[in-house]
Every structure is written in structure tokens, then in C-alpha cells.
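Q: With the sequence up front, the predicted model follows.
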Amino acid sequence: SQTIHQWPATLVQPVGSPLSLECTVEGTSNPNLYWYRQAAGRGLQLLFYSVGIGQISSEVPQNLSASRPQDRQFILSSKKLLLSDSGFYLCAWRSAGGPQTQYFGPGTRLLVL
Amino acid sequence: AQKVTQAQTEISVVEKEDVTLDCVYETRDTTYYLFWYKQPPSGELVFLIRRNSFDEQNEISGRYSWNFQKSTSSFNFTITASQVVDSAVYFCALSLKTSYDKVIFGPGTSLSVIP
């Protein structure tokens, strides 16, 4: 069966510091991968998605970037965090091709102080 | 434009009551998919159901049931005999054939089941 991991689970970082959140998927090959942010309140905002190694689509221009160095690894980064980057970051995957369901990881809670 | 509306921001029910969560969607596409996800306090989004636009058959899974009506662009979710473990935020979502990667989520409905 497929499993999706995210770490760290919780992170407190000062403004201006760098960020690296990691997401890995097990039990599947060539998945489509996604990064979402859920700010205060409940709305889910799609940040990036990737259909393959090195292929990144950005949905919202901002202080963040994403990379996919390996087939089942997706990384969310920032060179300098802003207060507004605080939130709950969710990684998701789905099988490539067709209307497959997105499955979500456990999330990372980021607090920027 | 595509949109998902969940007009109920917060709902509170007493345990064992039935509760229906409303979802209304907007799209001009003829092929699309609708989803419901549950987000418990732990934060992870848990997939509950997926329906395609050509299948209006209602579905029941244990205490959960879903009513899909294209005529009213609604995909409502009913929990029968609610339990405290049902307390969570529930999201309705829409995915279009033209862009499966860009799922459109509703704002969510926070359900509290009081013992």
C-alpha cells in the first residue's frame, strides 16, 4: 500500500531564516505530487505541483519554491521566511494519468516568529 | 469559473443526531469529479469519497451517505447517528477533466458532535 510521509511535524522558525520541508511517498512510482498551505481558518491553497522529476508548476507567486530531486521526493523551500509563511503545509500525491484521487500526508505546522 | 461553496461554516449536533453537510459546486465542464475529505483535529486530510459527473447514484457507506444531484449542482453528505469521532472539518472538492491537478476545495464545514 502507499504511504506518504512529511517532516518535520512541527517547526518554529524566526523571520528571515531558511526553510526546508520534505515529503516522500512509498509504494508507488511516478506519482503526481502537490504542496498545499492551509493558513489560519480552513482554506486549502495549492502552492506547487509536480508531474515528474525536476518538473515544477507554481500556482501562487510567493516566497516559496519547490523541488523534486527524486521520483518520490518533494521539497518545499524558502530562503527567507516571512511571518505570513506561517501555516499548515500539506503534501499530497496521486497516481499519474486520469482523475485519480489525491491522498494527503500528515502535514507540517510552521510557525514563523 | 469553477467554485465550490459550503455555506455552513460551523455545525454543532448532539451525539446520535443525523447531520447533513451541504456542498454546491459551479462548473461549465461536463466531465468532472467531486470529492469529500475529512480533516480531524490531527490535521491530515482523509479521503472519503469520489464521484464522477456521469454517476448520480447515491452512495451509502456505513453511517455515511452522499446525495449527488446534477440538477441543483449539489453533492451533500449526511452522517447518520453522529458520534464524537465525527467531529472534524469536512471539505467538498471539485476536479475537472481539463485540469485534474488543480483541485478546487470548498472552505470547509466544521462539525462538532457533542456527547
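A: All right, it came through fine.

Q: what's the offset of the helix-or-strand element of chain B with minimal mean pLDDT from the middle of its chain?
A: Every helix and strand of chain B was ranked by mean pLDDT, DSSP states H and E. The lowest is strand B:99-105, at a mean of 88. In terms of CA atoms, centre = their mean, to the nearest Å, the centre of strand B:99-105 is set 15 Å apart from its chain centre.

Q: Help me see whether that strand makes contact with chain A, please.
A: Yes - contact between strand B:99-105 and chain A, assessed by CB under 8 Å from any CB of the partner chain, occurs at B:Tyr100, B:Asp101, B:Lys102, B:Val103, B:Phe105. C-beta: built from backbone N, CA, C; applies to glycine.

Q: quick one: the third one from A:Ala9, how far?
A: Here the distance between B:Lys102 and A:Ala9 works out to 27 Å (CB to CB, to the nearest Å).

Q: So between these two, which is more surrounded?
A: Taking neighbours as other CB atoms under 10 Å in any protein chain shown, B:Lys102 and A:Ala9 compare with B:Lys102 leading, 15 against 10.

Q: quick one, phi psi at the residue lying closest to that one once chain neighbours are set aside?
A: Spatially, and ignoring its direct neighbours in sequence, B:Lys102 is nearest to A:Leu46 (6.3 Å; CB to CB, 6 or more residues apart in numbering or on different chains). When read as degrees, to the nearest 10, the backbone of A:Leu46 gives phi -70, psi 120.

Q: wait, doesn't A:Leu46 sit right on A:Tyr34?
A: Yes - assessed by CB atoms under 8 Å, A:Leu46 is found in contact with A:Tyr34 at 6.5 Å.

Q: neighbour-wise, which of these two wins?
A: The neighbour comparison of A:Leu46 against A:Tyr34 (other CB under 10 Å) goes to A:Tyr34, with 27 against 19.

Q: got the contact list for the spatially most central residue of chain A?
A: Against the mean C-alpha coordinate of chain A, by CA atoms, centre = their mean, the closest residue is A:Trp35 at 3.1 Å. For A:Trp35, the contact set (CB atoms under 8 Å, 6 or more residues apart in numbering or on different chains) comprises A:Cys23, A:Leu46, A:Leu47, A:Phe48, A:Tyr49, A:Ala66, A:Phe74, A:Leu76, A:Tyr89, A:Leu90, A:Cys91.

Q: Over to B:Pro40?
A: Contacts of B:Pro40 (CB under 8 Å, 6+ apart): B:Val46, B:Ser87, B:Ala88.

Q: now it: how far from chain A?
A: Distance of B:Pro40 to chain A, given as CB to the nearest CB, to the nearest Å: 11 Å.
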